[in-house]
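Engineer: Need coordinates for the below:
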Amino acid sequence: MTFSMSMLKDNGLCDSLVINVLTVSDTRTFQNDTSGNYLCEAIQDAGHKIGERIIVLDNIYQIRAVLSNWIADKDISAILLTGGTGFSGRDSTPEAVKPLFDKNIDGFGEIFRYLSHGEIGSSTIQSRALAGVANNTTIFCIPGSTGACKLAWNELIKEQLDSSHQPCNFVGAFRSKD
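Structural biologist: Predicted structure coming up:
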């Protein structure tokens, strides 16, 4: 089952990006998806726009179908995906997403787990957080807990989606999307 909620917020900023949010879960709804809710609020607070937000079952092919459509859309700069990155049950986000990447952003998962260690200790080794680029769309795959989403957004993603962040950021890559 797929849930969709389109939300556009125009804040008039010239460096505002369109960012989509995908929650991977067999149990979440828009009412109880605290991680997706947090990410949408954080994105808008940073001056960006939410293009679309969807909740999809933890199924490789449903995840790929949504991502493939978004990756092909020239207006989407980034995708934040939350959930399905662990080892338990049906967690299949990495298996669904990795084949879509043109380039891996290895440092994201490495640094996320390093930072996460300070909060959850050795349990961080069970995180399969990852990121990459597909058709000049940057994709961040974050664990489903709200704490993990806050950590990833505040410590890594927010700056990388800010065109003024130096010495480098991912915003320049979006400009060449055909």
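
Engineer: Next, count neighbours for the residue lying closest to His48 once chain neighbours are set aside.
Structural biologist: When the adjacent residues along the chain are set aside, His48 lies closest to Leu17, with 4.7 Å between them (CB to CB, 6 or more residues apart in numbering). The way it works is simple: take the backbone N, C-alpha and C, and place the C-beta from them, glycine included. Applying other CB atoms under 10 Å, we find 22 residues neighbouring Leu17.

Engineer: Poorly predicted segments of this protein, please.
Structural biologist: Using pLDDT under 70 as the threshold, the predicted model of the chain has low-confidence ranges 1-14, 173-178.

Engineer: So which bits of the top helix by length along it are buried?
Structural biologist: Across the chain, the helix with the greatest residue count (assigned by DSSP state H) is helix 106-120. Neighbour counts over helix 106-120 (16 or more other CB atoms under 10 Å) mark 108-109, 112-113, 115-116, 120 as buried.

Engineer: Past the helix or strand that contains Trp70, which element shows up next along the chain?
Structural biologist: Per DSSP states H and E: Trp70 is located in helix 60-72. For helix 60-72, the succeeding helix or strand toward the C-terminus, using DSSP H and E, is strand 78-82.

Engineer: I'd like to know which elements that next one is packed against.
Structural biologist: Secondary structure elements in contact with strand 78-82, counted by 3 or more CB pairs under 8 Å, 6 or more residues apart in numbering; DSSP states H and E, are strand 18-24, helix 34-45, helix 60-72, strand 137-142.

Engineer: Give me the neighbour count for the closest residue to Ala148 other than its chain neighbours.
Structural biologist: Leaving aside its chain neighbours, Ala148 sits nearest to Ile142 (5.7 Å; criterion: CB to CB, 6+ apart). Burial of Ile142 is recorded as 28 neighbouring residues (other CB under 10 Å).
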